[in-house]
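Visitor: quick one, what's the 3D model for this:
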Amino acid sequence: TETLPDLKGVAAVASQLQEAADSSRSIVAKAQKAELQLQDVSLAMQEGHDQVDQPVDLMAEIQEIVTDSTFKLKNLCQSAQKIAQVVTQINELAVEMRHQAINASISSGQFKDKDQGAIVALAEAVLSFTEQLKAATTDIKPLVTAIETDISSVGDAMEVGAEHAIVGTELIKETRHKLN
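Guide: Model prediction:
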C-alpha cells in the first residue's frame with residue numbers, strides 16, 4: 001500500500017520534470033528565434049551604415065569639387081578684371097595716340113611741302129589705327145563685363161552649393177552617429 005502513494009509521487013515528479021523539460025525546450029527555441037532576429041537586425045544595421053556611408057563619401061566629394069571650382073572661379077574673375085584693366089589701358093593709349101596724331105597733323109604746317117605730306121600721311125595712319133583700337137576696346141568691354149557678371153553669379157551659386165554640401169554632410173554624419 002505504501003508503494004501506491006510512492007508511485008503517485010514519482011509520477012507527479014516525472015510530470016513536473018516533463019513540464020520543466022518542455023518549458024526548457026520552449027525557452028531554447030525562443031532564444032534561438034531571438035538570436036536569429038538579432039542577427040537580422042545586426043545585418044540590417046550594417047546595411048544601413050553602409051548606405052549612410054555612401055552619401056557621406058559622396059557629399060564630401062561634392063563639397064571638395066564645389067570648393068575647388070569656387071577657387072577656380074575666383075581666379076577666373078581676377079583674370080577677367082586684369083583683362084578689363086588692360087582694355088582700359090589700351091583705350092587710354094588709343095586716346096593718347098589719337099591726340100598725338102592730331103597734334104602731328106596740326107604741326108605739319110611748319111614743315112616744307114614734301115615733308116608735310118609724309119607727316120600728314122603718318123598722322124592719318126596713326127589716327128586710323130587708334131580709331132580701330134578704340135573700336136576694339138569698345139567691343140571688348142561689354143564682353144569682359146558679361147564674363148565678370150557670369151563668373152560672379154556662378155561663384156555665388158557655388159558658394160551656396162558648398163554650404164549646402166557641408167550641411168548635408170553634417171546631417172548624414174548625425175544620422176550615422178544616431179544609428180551607432
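
Visitor: gap between Gln78 and Lys72?
Guide: Distance, Gln78 to Lys72, by C-beta to C-beta, to the nearest Å: 11 Å. Glycine gets a C-beta too; all of them are placed from N, C-alpha and C.

Visitor: same question, Thr145
Guide: 20 Å.

Visitor: what's the answer for Val52, then?
Guide: 31 Å.

Visitor: higher neighbour count, those two?
Guide: Under the criterion of other C-beta atoms under 10 Å, the comparison of Val52 against Lys72 puts Val52 first, with 18 against 13.

Visitor: what mean pLDDT does the helix or strand where the more buried one lies have?
Guide: Per DSSP states H and E, Val52 falls inside helix 3-107. If you average the pLDDT over helix 3-107, you get 83.

Visitor: distance from it to the middle of the chain?
Guide: For helix 3-107, the distance from its own C-alpha centre to the chain's C-alpha centre is 15 Å (C-alpha atoms, centre = their mean, to the nearest Å).

Visitor: contacts only, for Thr145.
Guide: Ala84 (C-beta atoms under 8 Å, 6 or more residues apart in numbering).

Visitor: report the central residue of the chain.
Guide: Val66 (2.0 Å; C-alpha atoms, centre = their mean).

Visitor: hmm, that residue is touching Gly161, no?
Guide: Yes - if you go by C-beta atoms under 8 Å, Val66 and Gly161 touch, sitting 4.9 Å apart.

Visitor: list the helices and strands the helix holding Val52 packs on?
Guide: helix 113-179 (3 or more C-beta pairs under 8 Å, 6 or more residues apart in numbering; DSSP states H and E).

Visitor: what about Leu58, neighbour count?
Guide: 14.

Visitor: kindly apply the preceding question to Leu143 instead.
Guide: 13.

Visitor: for Ala94, see how far away it is.
Guide: In terms of C-beta to C-beta, Leu143 sits 17 Å off from Ala94.

Visitor: many thanks, I have nothing further to ask.
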